[in-house]
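Colleague: model this:
(2 chains)
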Amino acid sequence: ETGVTQSPTHLIKTRGQQVTLRCSSQSGHNTVSWYQQALGQGPQFIFQYYREEENGRGNFPPRFSGLQFPNYSSELNVNALELDDSALYLCASSSLAGGSEQYFGPGTRLTVT
Amino acid sequence: AQSVTQLGSHVSVSEGALVLLRCNYSSSVPPYLFWYVQYPNQGLQLLLKYTSAATLVKGINGFEAEFKKSETSFHLTKPSAHMSDAAEYFCAVSRSGAGSYQLTFGKGTKLSVIP
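Modeller: The predicted model follows:
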């Protein structure tokens, strides 16, 4: 059984640019959630996708957007990058059920200069 | 709204000593509670979860946690610390009012194990 994978591992972008991060969910999971983890902080919920539809969103501006594909993989897109967007971006896959654990990928480290 | 407070951003224990990491939650409905561990430059690994069954939950690597509703706590313990336990630990609560079951994390507790 393949776990959650994310690409790329590291990324350096310039302020104002756009970035796309990718995530492949664990086999059998239909839900993908994205989290932002700033240095020294706990992860913060960005949004969740279930069956290709956004199924919940945290306190992030519209320049954070996403997609989920029919195979349940997902993308996180961030437009107009700001210095504060520098963080570890974590993807988690799960089944959409109460108490269902979320399985995390290794993350993408984004640095905005 | 739900929230998690982890008391102590940094905890140091001697190898072989008891590990106690504290977590208090706030939730307007019965919560689902989780503990995750994060090693340097890695993602999060699930240690254990509480979903309203037994109040004492056993997880991986010898960790366990007890749900105490009266104290709104879900503290993580391990009887004997090992060097490999050195990592950052996150408590999280999940409950949905709209079907998303998003996780709300605490700020984390970094555990150091002294040989």
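
Colleague: so is the spatially most central residue of chain A in a helix, a strand, or just coil?
Modeller: Centrality entry for chain A: nearest residue to the mean C-alpha point is A:Trp34, 3.1 Å, by CA atoms, centre = their mean. Recorded secondary structure, A:Trp34: strand (DSSP: H, G, I helix; E, B strand; the rest coil).

Colleague: For it, give me its contacts.
Modeller: A:23, A:45-48, A:66, A:74, A:76, A:89-92 (CB atoms under 8 Å, 6 or more residues apart in numbering or on different chains). Glycine gets a C-beta too; all of them are placed from N, C-alpha and C.

Colleague: so of those residues, which ones are in strands?
Modeller: Mapping the contacts of A:Trp34 onto strands (DSSP state E) picks out A:23, A:45-48, A:66, A:74, A:76, A:89-92.

Colleague: Save the residues you listed as CSV, and put in neighbour count and distance to B:Tyr50 too.
Modeller: Shown next, in CSV, are the ones in strands among the contacts of A:Trp34 (neighbours: other CB atoms under 10 Å in any protein chain shown; distance: CB to CB, whole Å):
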residue, neighbour count, distance to B:Tyr50
A:Cys23, 27, 27
A:Phe45, 22, 19
A:Ile46, 23, 25
A:Phe47, 21, 25
A:Gln48, 29, 21
A:Gly66, 22, 29
A:Ser74, 25, 27
A:Leu76, 26, 29
A:Tyr89, 24, 27
A:Leu90, 27, 22
A:Cys91, 30, 24
A:Ala92, 28, 18
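
Colleague: Considering only these, which also neighbour chain B?
Modeller: A:45, A:48, A:90, A:92 (CB under 8 Å from any CB of the partner chain).

Colleague: So which residues on chain A come close to chain B?
Modeller: Checking chain A against chain B by CB under 8 Å from any CB, the hits are A:4, A:33, A:35, A:40-45, A:48, A:50, A:55-56, A:58, A:90, A:92, A:94, A:96-107, A:109.

Colleague: For ChimeraX, what selects the buried ones among these?
Modeller: Buried subset of the residues of chain A next to chain B, written as a ChimeraX selection, criterion 16 or more other CB atoms under 10 Å in any protein chain shown:
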select /A:4,33,35,42,43,44,45,48,50,55,56,58,90,92,94,96,99,100,101,102,103,104,105,106,107,109
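
Colleague: where does chain A have low pLDDT?
Modeller: Scanning chain A for pLDDT under 70 picks out A:1, A:97-99.

Colleague: again, only this time at 80
Modeller: Along chain A, segments meeting pLDDT under 80 span A:1-2, A:96-100.

Colleague: Leaving out chain neighbours, which residue sits closest to A:Pro106?
Modeller: Among residues not flanking A:Pro106 along the chain, B:Gly43 sits closest, at 4.5 Å (CB to CB, 6 or more residues apart in numbering or on different chains).

Colleague: Run through the residues that contact the nearest residue to A:Gln68 once chain neighbours are set aside.
Modeller: Nearest non-adjacent residue to A:Gln68, counting by CB to CB, 6+ apart: A:Tyr49, 3.6 Å away. Listed by CB under 8 Å, 6+ apart, the contact set of A:Tyr49 reads A:31-33, A:55, A:66-68, A:74.

Colleague: State the distance from B:Thr72 to chain A.
Modeller: The spacing between B:Thr72 and chain A, counted by CB to the nearest CB, to the nearest Å, is 18 Å.

Colleague: okay but that residue is in contact with B:Ser26, surely?
Modeller: Yes: contact criterion CB atoms under 8 Å: B:Thr72 and B:Ser26 qualify, at 6.6 Å.
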